[in-house]
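In: Need a 3D model of the following:
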Amino acid sequence: MAESILKNLTMDQKLKAFEKTRAKFSVPGAKLVLITEEYYDAALKFARENYLPHEPLNKAFGVPWSQEQEKFWLKMLKLNLSLMLINEESGEPMAFRVTRIARYDDKINLELIQTPPFRELIRYCVYGDRQADFFGQNGITEAFHFLGLAVADKFKNRGLATQIFNAAIDMIRNFGIDPVYVKVEGSSNFSKKIFENANFEILYELPFATWEVDGKFPIQNTGIHKSMKIYRKKLTAES
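Out: Prediction:
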């Protein structure tokens, strides 16, 4: 098994990378924070109220918030790689960008997922991953993986999603790993626009309407959002 450079990043390295990013970050009325233990509860609440109800696949499959969901999100937050914007006046969360580390040898046992709608969502995502062959195409064993980009309703249309997305990219560059890869999936037209404006390359697109399970097409009512795209970006010291 190949050694994991990314999973061996220390808390000191994470804090130093974040501080470099925060020093350059400027959004009036917003404070950029690294999601560490003091912010876990607020970030979980934000995921429950602002991400899960609006993300097209979660809506289509009817994924409920549950202890299983909380455990899923908390596991990622405890990596201390994710970012959140806090309103300086009210102290309420405005946006978040969740980051985890993905490896080529990650295994998902669908039978262990207790919530049926969540299991079917993951089944769809796993299929997309296999078709995209992210690790094989890049000849790598690990990458940063973006999940859960969201903005609270009352703070939308201010460009905050783009701002926190760019901050997450900048923080990764600040680790000084050359090269390093970033993987992300886009299921909404809004997130896709952000990724493509940042010159992320599309590896694979899986239309919602074509996903068939036991003769049925379970992904319905996604409105203007029609597919999941899997993206990659290679970051180098010069990029």
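
In: Wait, a helix at Lys192?
Out: Yes - per DSSP: H, G, I helix; E, B strand; the rest coil, Lys192 lies within a helix segment.

In: Can you check what pLDDT the model gives it?
Out: With respect to pLDDT, Lys192 has a value of 97.

In: how about it, what does it touch?
Out: 186, 229 (C-beta atoms under 8 Å, 6 or more residues apart in numbering). In short, each C-beta sits where N, CA and C put it, glycine included.

In: Tell me the spacing between it and Ile224.
Out: Computed with C-beta to C-beta, to the nearest Å, the distance linking Lys192 and Ile224 is 11 Å.

In: which residue ranges form the strands in this structure?
Out: Assigned by DSSP state E, the strands in the chain fall at 30-34, 83-87, 93-103, 142-151, 180-186, 201-207, 227-235.

In: Nearest to Ala47 among those would be which one?
Out: Judged by C-beta to C-beta, the one of the strands of the chain that comes nearest to Ala47 is strand 142-151, at 6.2 Å.

In: Might you calculate how far that closest one sits from the centre of the chain?
Out: 2 Å (C-alpha atoms, centre = their mean, to the nearest Å).

In: Return that strand as CSV; C-alpha atoms alone will do.
Out: The C-alpha coordinates for strand 142-151 follow below in CSV (Å, rounded to 0.1, in the frame of the first residue of the first chain):
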residue,chain,number,x,y,z
GLU,A,142,-4.5,9.9,-3.2
ALA,A,143,-6.1,13.3,-3.7
PHE,A,144,-7.9,16.1,-1.9
HIS,A,145,-11.7,15.6,-2.3
PHE,A,146,-14.1,18.4,-2.1
LEU,A,147,-17.6,17.7,-0.8
GLY,A,148,-20.5,19.8,0.5
LEU,A,149,-20.2,23.3,-1.0
ALA,A,150,-23.2,25.3,0.4
VAL,A,151,-24.3,28.8,1.2
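
In: by how many degrees do that strand and strand 227-235 diverge?
Out: Put simply, strand 142-151 runs at 120 degrees to strand 227-235, going by axes from the mean of the first three to the mean of the last three C-alpha atoms, to 10 degrees.

In: tell me the contacts of Leu57?
Out: For Leu57, the contacting residues are 63, 121, 124-125, 187, 208, 219, 222, 228, by C-beta under 8 Å, 6+ apart.
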